[in-house]
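1. Sequence and computational prediction follow.
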Amino acid sequence: MPPKSDPFTNSVWLRPPRTRGEQPSLSREQIVRAAIELLDAEGLAGLSMRRLGTRLGSGTTSVYWYVTNKDELLELAVDEVMGEVYVPEVGDTSWRIGASVLTAGTREMLLRHPWVIGMLGVRPNYGPNAMRIGDRTVALLSAAGFSGLELSHASALLTSYAIGSATTISAMVTSMRQSGMSMTEIAAKLEPQLGRIASEHPHYDRWRQEVGGAAYVPERIWDESFTFGLDRLLDGLEMWLDRPDR
């Protein structure tokens, strides 16, 4: 039985660019952009080499000139959308604002391209955009005073927070879209049941009455919740940096 392919050492980014043979008329950038459009519209299940070739009007010949399979194409697509994440350079702003921009930008990218969430951790990303983000993140957190594995832990904390927020919101958006109803309409359908069980859950019911209709404006709640949590994470990291026993 042949050995299983190792996604960590068989990355498209570790293979030298192809130089032999006649280069196709379509560029790699065009192919990757078309793949991202399919992924944004239909998710991971909607992308296949055949469908991409049909969308490009060129069959799969051009695609296979650049990649050997769908996994490699996904690597290129993931790194392409990571180019949308901005990380301020050291000296342009404080480390705290820089970390906030990075974390919020990561979340926004994942909300625009929710299929990326399913790719995180599946294959490493050695692409130029991912490496740029990593390098600037190290520089930003190093300037703040983090070092060694502590820097890795701080970076992972911020990244995980962005991923968690985007994962939850993407799932809710998908559910609402499938239901064909807005959050307000869903809440109206749930209200009778919540009223019936209110006496069994008095603390929750008092809170629900306090926030009123604001709880059913999802975009506002999602953004406010994310900002509140991010500020508290940065508060904690800042306090840790200032600890005299470090």
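-> Yes, it's here. Numbering: from 1, shown residues only.

2. list the contacts for the residue of the chain most remote from its centre?
-> Residue farthest from the centre of the chain, counting by C-alpha atoms, centre = their mean, is S199 at 39.9 Å. S199 makes contact with D205 under the criterion C-beta atoms under 8 Å, 6 or more residues apart in numbering. (C-beta placed from N, C-alpha, C; glycine too.)

3. Can I take it that it is in a helix?
-> Yes. Under DSSP: H, G, I helix; E, B strand; the rest coil, S199 falls within a helix.

4. got the buried residues for the worst-scoring helix or strand of the chain on mean pLDDT?
-> In the chain, no helix or strand scores lower on mean pLDDT, DSSP states H and E than helix 61-66, which sits at a mean of 82. For helix 61-66, the neighbour count (16 or more other C-beta atoms under 10 Å) marks 62-63, 66 as buried.

5. can you check stretch 147-155 too?
-> 151, 154-155.

6. pLDDT (mean, whole number) over that stretch?
-> Mean per-residue pLDDT for stretch 147-155: 97.

7. Just give me the neighbour total for L230.
-> 19 (other C-beta atoms under 10 Å).

8. Repeat that for L194.
-> L194 - counted by other C-beta under 10 Å - has 13 other residues nearby.

9. Quickly find the element holding it.
-> Remark: L194 resides in helix 183-196, with elements defined by DSSP states H and E.

10. Now render the buried residues of stretch 147-155 as TSV, adding secondary structure.
-> TSV is the format used below for the buried residues of stretch 147-155 (three-state DSSP):
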residue	secondary structure
L151	helix
A154	helix
S155	helix
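
11. so Y86 sits right up against A104, yeah?
-> No. Counting by C-beta atoms under 8 Å, Y86 sits too far from A104 to count as a contact (9.7 Å).

12. Show me which of these two is the more surrounded one.
-> A104 (19 against 15).

13. Distance from the chain centre to the strand or helix carrying E72, please.
-> Applying DSSP H and E as the criterion places E72 in helix 70-82. Computed by C-alpha atoms, centre = their mean, to the nearest Å, the chain-centroid distance of helix 70-82 equals 13 Å.

14. tell me what that helix is packed against?
-> helix 28-42, helix 49-56, helix 95-112, helix 128-144 (3 or more C-beta pairs under 8 Å, 6 or more residues apart in numbering; DSSP states H and E).

15. what's in contact with it?
-> 7, 11-13, 28, 31-33, 35-36, 39, 44, 47-49, 52, 63, 66-67, 109, 112-113, 116, 119, 123, 125, 127-130, 133.

16. ok, how many other residues are close to G212?
-> Around G212 there are 8 residues (other C-beta under 10 Å).
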